[in-house]
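Peer 1: pasting the sequence and the predicted model now:
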Amino acid sequence: RVIISGFHSPLEQSVLKILIQAKSPTVLVLARPLMDAKLSAEYLAAIDLAHLTVISSCVVKKRLTDVLASQRNELVASLASDITVAYVSQHGALIAQCENWIRHREIQFLQTE
């Protein structure tokens with residue numbers, strides 16, 4: 001299975017490192033333009049080995065906002081065959097997106113607050 005995520009939070013970034021080390025097929029979706037991305041040598045090596053693909057949900061240079069994060073999440077969801085959300089706060093912005101995905105497709109929650 002291919003894992004696709006924004007890998008934005010520190011925890012998600014640590015998961016991305018593990019996926020890269022395990023040579024798991026992974027897609028990193030940036031919420032900023034791809035041409036502005038400063039990718040680590042580890043990420044570039046994984047790209048060269050075809051274990052990591054980096055795409056962007058954004059075409060203009062902007063600071064990450066809730067709107068851009070939401071757009072990135074929608075892109076990730078549209079590309080995914082299955083959606084697993086490891087954590088969602090009952091009062092956070094992601095919960096509304098999850099509720100929408102539940103209405104339109106199968107989604108699995110591992111943990112909720």
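Peer 2: All right, it came through fine. Here the structure is a predicted model, which means the values were calculated and not measured.

Peer 1: low-confidence bits of the protein, can you list those?
Peer 2: 60-62, 106-113 (pLDDT under 70).

Peer 1: now do 90
Peer 2: Where the chain drops to pLDDT under 90, the residues are 1, 4-12, 29-38, 56-113.

Peer 1: show me where the protein has its helices.
Peer 2: Remark: helices assigned in the chain by DSSP state H are 10-21, 41-48, 66-79, 94-104.

Peer 1: out of those helices, nearest to residue 57?
Peer 2: For residue 57, the closest of the helices of the chain is helix 66-79, at 4.2 Å, according to C-beta to C-beta. From N, CA and C alone the C-beta is placed, and that goes for glycine too.

Peer 1: tell me what angle that closest one forms with helix 94-104.
Peer 2: If you take axes from the mean of the first three to the mean of the last three C-alpha atoms, to 10 degrees, helix 66-79 sits at 30 degrees to helix 94-104.

Peer 1: list the contacts of helix 66-79.
Peer 2: 4-6, 8, 27, 29-32, 55, 57-58, 62, 83, 93-94, 97, 101 (C-beta atoms under 8 Å, 6 or more residues apart in numbering).
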